[in-house]
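Colleague: Fold the following, please.
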Amino acid sequence: MKQTAQSRKLNEVTRQALADILLTRVSDPRLALVSVTGVEVSRDRSVAKVSIAADRASYEEVEAGLASARGRIRSLLAAELGWRVTPELRFTLDTSVDEAQRIRQALANVPETLAVPKDEEGYPL
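Modeller: Okay, the predicted model is just below:
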């Protein structure tokens, strides 16, 4: 979807509202350590795609917690936003944090042969 200033504002308002709801109003322990990394609300505000970051070991628990709390989260979101239509929430797990951590760890464990200084042609000095 094309991003406009209005759609970016709607996405950010929705993201902040969902983050506040998950942090303060939902008491499910499976959702204790989740972060809302992004929200994309459809043009007609009927659907919101919500990206959630969580610990890799707890993906299944988080998905189960989100599935069971989806209705409560949506009703709290309706009260928070006050829109005529409350978007249907579609949660997806954001694995970019895990990928960044995997890459960081791979770069930290560079084999000694690759760490040898080389000249312009790639030969060891």
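Colleague: mind checking how far the worst-scoring helix or strand of the chain on mean pLDDT is from the chain centre?
Modeller: Scoring the helices and strands of the chain by mean pLDDT, DSSP states H and E places helix 96-108 at the bottom, with a mean of 85. Centre-to-centre, helix 96-108 and its host chain are 17 Å apart (C-alpha atoms, centre = their mean, to the nearest Å).
Colleague: got it, and stretch 38-45?
Modeller: Relative to its parent chain, stretch 38-45 has a centroid offset of 14 Å by C-alpha atoms, centre = their mean.
Colleague: same deal with stretch 5-15?
Modeller: On C-alpha atoms, centre = their mean, the centre of stretch 5-15 falls 15 Å from the chain's centre.
Colleague: again, but for stretch 74-84
Modeller: 20 Å.
Colleague: Put the alpha carbons of that stretch into CSV.
Modeller: What follows is stretch 74-84, C-alpha atoms only, in CSV (Å, rounded to 0.1, in the frame of the first residue of the first chain):
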residue,chain,number,x,y,z
ARG,A,74,-9.5,-5.6,19.6
SER,A,75,-12.2,-4.3,22.0
LEU,A,76,-9.7,-2.4,24.0
LEU,A,77,-8.3,-0.9,20.8
ALA,A,78,-11.8,0.1,19.7
ALA,A,79,-12.2,2.0,23.0
GLU,A,80,-8.8,3.6,22.6
LEU,A,81,-9.1,4.7,19.0
GLY,A,82,-12.8,5.6,18.8
TRP,A,83,-13.0,4.9,15.1
ARG,A,84,-16.3,4.0,13.4
